[in-house]
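**Q** here is the input, now give the coordinates:
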Amino acid sequence: TMAQELQPAVVERKQGSLFTLLADHSVVKHFDQVDISNGMDWSLDHKTFFYIDSLSYSVDAFDYDVATANISNRRSLYSMGKEECIPDGMCIDAEGKLWIACYNGGRVIRIDPETGKNIQTVKFPVDKITSCCFGGKDYTEMYVTSASDGMDDQWRARQPQSGSIFKITGLGVKGIPPYAFAG
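**A** As a prediction, the model looks like this:
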């Protein structure tokens, strides 16, 4: 959860919480003091939960227990650089690397969770990149969303593709199928 947005990416700070909806439809609160929960994914072995609270400018990792959905041992995996701006949506590829959409940064970056290093950057003709996921018949295509909210006429004129969905091919990596909700 999060506070109501006053304008895009502007909220009253630390008003949200992170919850899990379990298979039996019960809800577990993990922690509060959240600004804007965005990217969430799991390592390929399901032992690590990756999480983005956008205004922390960090990609965090937790130990994850798949049997209980408990998370513990929060740590910062990657701190966003100035040019990368705000971390937003996230997905994982078949090699276990994380792809992070950079809101106001005009890019998607690929992070190696083992080293905490940015190993690839894909730039776009728009600033407000919001999320990314793999798709297509064999998950070799990446789909990247962008926003146009909060843009004035001059900004829209400079970036007319804002609000578009981009399809990226030729990355040399594949995504994985989505997880189905157990409930």
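**Q** which parts of stretch 74-88 are buried?
**A** Buried residues in stretch 74-88, counted by 16 or more other CB atoms under 10 Å: 77, 78, 80, 84, 85, 86, 87, 88. Every residue, glycine included, has its C-beta placed from N, CA and C.
**Q** go ahead and confirm the last one touches residue 101.
**A** Translated: residue 88. Yes - with contact defined as CB atoms under 8 Å, residue 88 reaches residue 101; the gap is 4.3 Å.
**Q** show me whatever sits in contact with both of those two.
**A** Where contact means CB atoms under 8 Å, 6 or more residues apart in numbering, the residues bridging residue 88 and residue 101 through contact with each are 39, 129, 130, 131.
**Q** next one: residue 7 from residue 44, what distance?
**A** 37 Å (CB to CB, to the nearest Å).
**Q** so which of the two has more stuff around it?
**A** Taking neighbours as other CB atoms under 10 Å, residue 7 and residue 44 compare with residue 44 leading, 13 against 8.
**Q** wasn't that one part of a strand?
**A** No - looking at residue 44 with DSSP: H, G, I helix; E, B strand; the rest coil, it is coil, so not inside a strand.
**Q** distance check, it against residue 113.
**A** Note on residue 44: its distance to residue 113, by CB to CB, is 10 Å.
**Q** among the buried residues of stretch 74-88, which pair sits farthest apart?
**A** 77 and 85 (17.3 Å; CB to CB).
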